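Q: fold the following and give me the result.
(chains A and B)
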2 protein chains.
Amino acid sequence: MLCRITLFFAILHTMTFSVTILGCGAAIPLTHRNPTAHIVNVHEKLFLFDCAEGTQVQIRRNHIRLQKIGHIFISHLHGDHYFGLMGLITSLHLLGREKELHVYAHARLEDIINLHLDSSQTILRYPLIFHAIDPDKEEMILDDKTLTVSSIPLNHNFPTNGFLIREKRAKPNIRKDFLVDKKLTNSDYRRIKDGKDYEDENGVIYRNDDITTPPKPSRAYAYCTDTAYFENIIPIIKGVDLLYHEATFTKDKAADAAAKFHSTANEAATIAKKAEVKKLLIGHYSARYKDLTELLSEAQEVFQDTILGVDGLTVEI
Amino acid sequence: MLCRITLFFAILHTMTFSVTILGCGAAIPLTHRNPTAHIVNVHEKLFLFDCAEGTQVQIRRNHIRLQKIGHIFISHLHGDHYFGLMGLITSLHLLGREKELHVYAHARLEDIINLHLDSSQTILRYPLIFHAIDPDKEEMILDDKTLTVSSIPLNHNFPTNGFLIREKRAKPNIRKDFLVDKKLTNSDYRRIKDGKDYEDENGVIYRNDDITTPPKPSRAYAYCTDTAYFENIIPIIKGVDLLYHEATFTKDKAADAAAKFHSTANEAATIAKKAEVKKLLIGHYSARYKDLTELLSEAQEVFQDTILGVDGLTVEI
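A: Below you'll find the model as predicted:
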């Protein structure tokens, strides 16, 4: 029993929360840089944010199991964010998937998926459950046992959403010395985790506060692309552990960025600073930038804890 | 003048006709093998046959100029033959294309293209001209100055066409010794090429047959995928210089091939032999085959002049 509890205890402390970048380019697929897609791993459940052309090959290349993806979130219907989706949906079917796949996107994407499937006379082997997002609303679109996902209205030249994925608050940890001293039943264990006091076989009562330590704070990842500089998102993403924010251009191209409703690296960093996030991850680089160091240094001038997104990079949260 | 004529003469004899394989896999994109797309170069005009996901990156990887593609032929609406098309259409737009792009496919593809463009509020900068193919008819779908393209009804579990691309018969070559002896005007040159006799300044008449040699025979490439073994195509592809025929399975999987309306390597070679083609190129391999040598040797047992298609291979015709 102790052994099982200790194992569970250990697992609780190593719960994965990571982001793997499958593509960090804008607009056009290049030989050295894929357009946008991120895999978010929360406690070994996989979530895909955007799905540009080539995403399924990037998933294979990064040794990620395709079938573990349960939920796909599409920010908007520009091709560099969704042209890989039909291929992925079809491959999951051909590879024998049976479990549900949830897709969250602008309502028009459902029409597109249905027209493709109908045109190839394909009846998927698995349930594909489509969730239409209202791009003008900030709302919770997924409420899972361990996490929530909310949509974030962005400011692009097209209806576009960012996403905020947040762990639910974990339960308190039972102190190690107490676990060693007492022989807890499963029921005792659950009750203490749920905040109850503990009474031992001699009738001694141990207050919950005395035998537990607070859980690690819950973690959050905000995914914000494509968007112009847009301060409205700041209260929504306030203090997140990791903010992905597009940085399509350097600041000398600020006029281009504004005209195309994209951001500069400087603007991404300004949002990160004002939102007091812990780390900033940049991406969605224009194809004009072969060398990305200027984008990184520009962001770091404003916000030191900036990570340069590159294809294949995994960031632990 | 002589110099210009000789140059023209030399160019006539080196007119490109080649096929570059951008993808030779079936169904699912793999890290080491893309699904189907071929670039056919006829006299430096580029034609794309099928356009699976990842095709535009394969085009870049093979140093082929995207904007030189003028005509795209889609065999059928299974994703491994067209899921890269919207990306390519969009990239050509983003890269500033102005000249026409012709797409030949089943009529449903036009609806798909229009829905994608409409959903992203994209108005293409260039004219996209869609040509609906009747999958049940063998008919000429392109009649150019230098070549024709005809559709070939195939036998798949879905309306599917192959394509036959054939150079038009070239004009006769003027004999080198005659070119050196006589000072031909442009007009003389064109008249002789058009089959007329030549009268020199002394009134001596030279018969066309005596001063020309026959042109090289015109060349043809037949592209046949996806299809079960289907002898109806034999009269259409008879004697072509290069036949691409799908070889999804080895012959021990003949029952699978038949059930899925695909061919074995043995069947591809049998078609090549019966059609008396000059060379056979195989491809569209099932993902089950990592090592392709068995597919090649099986085909070569029946038809020796078989080439194993692999991504990036260029075959000169």
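Q: what sits up against the helix or strand residue A:244 falls within?
A: Per DSSP states H and E, residue A:244 falls inside strand A:242-246. For strand A:242-246, the external contacting residues (C-beta atoms under 8 Å, 6 or more residues apart in numbering or on different chains) are A:19, A:26, A:38, A:220-227, A:237, A:262-263, A:268, A:271-272, A:275, A:277-284, A:309, A:315, A:317. Where C-beta positions appear, they are placed from N, C-alpha and C, glycine not excepted.
Q: after it comes which helix or strand?
A: helix A:254-259.
Q: and after that next one, which helix or strand comes next?
A: Helix A:254-259 is succeeded, C-terminally, by helix A:265-274 (DSSP H and E).
Q: just the angle for that following helix relative to strand A:242-246, thanks.
A: 150 degrees (axes from the mean of the first three to the mean of the last three C-alpha atoms, to 10 degrees).
Q: now the following helix or strand past helix A:265-274 against strand A:242-246, angle please.
A: Remark: after helix A:265-274, the chain's next helix or strand is strand A:279-283, criterion DSSP H and E. Angle between the axes of strand A:279-283 and strand A:242-246 is 30 degrees (criterion: the same axes, to 10 degrees).
Q: who does strand A:279-283 touch, helix- and strand-wise?
A: Using 3 or more C-beta pairs under 8 Å, 6 or more residues apart in numbering or on different chains; DSSP states H and E, the elements in contact with strand A:279-283 are strand A:17-23, strand A:242-246, helix A:265-274, helix A:293-302, strand A:306-308.
Q: so how far is the second one from its chain's centroid?
A: Relative to the mean C-alpha coordinate of its chain, strand A:242-246 is positioned 10 Å out (C-alpha atoms, centre = their mean, to the nearest Å).
Q: give the rounded mean pLDDT of that strand.
A: The predicted model assigns strand A:242-246 a mean pLDDT of 98.
Q: how about the residues of the stretch 1-150 of chain A near chain B?
A: A:27-31, A:53-54, A:56-57, A:60-61, A:77-79, A:83-84, A:86-87, A:90-91, A:94-95, A:106, A:108-109, A:111-112, A:115-116, A:119-121 (C-beta under 8 Å from any C-beta of the partner chain).
Q: just for chain A, where's the confidence low?
A: A:1-14 (pLDDT under 70).
Q: would you map the helices across it?
A: A:2-12, A:55-61, A:85-94, A:108-119, A:176-181, A:186-193, A:208-211, A:234-237, A:254-259, A:265-274, A:293-302 (DSSP state H).
Q: would CSV of those with mean neighbour count and distance to residue B:134 be doable?
A: Formatted as CSV, the helices of chain A follow (neighbours: other C-beta atoms under 10 Å in any protein chain shown; distance: least, C-beta to C-beta, whole Å):
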stretch, mean neighbour count, distance to residue B:134
helix A:2-12, 12, 61
helix A:55-61, 23, 33
helix A:85-94, 22, 25
helix A:108-119, 17, 16
helix A:176-181, 13, 74
helix A:186-193, 16, 67
helix A:208-211, 14, 76
helix A:234-237, 16, 53
helix A:254-259, 15, 45
helix A:265-274, 24, 52
helix A:293-302, 18, 51
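Q: how is chain A divided into domains?
A: A:2-170+A:215-316, A:173-213 (automatic domain parsing).
Q: pick the most buried one from these.
A: With neighbours taken as mean count of other C-beta atoms under 10 Å in any protein chain shown, the domains of chain A reach their highest mean count in domain A:2-170+A:215-316, at a mean of 20.
Q: just how off-centre is it within its chain?
A: Worked out by C-alpha atoms, centre = their mean, domain A:2-170+A:215-316 lies 6 Å from the chain centre.
Q: swap in stretch A:210-225?
A: On C-alpha atoms, centre = their mean, the centre of stretch A:210-225 falls 14 Å from that of its chain.
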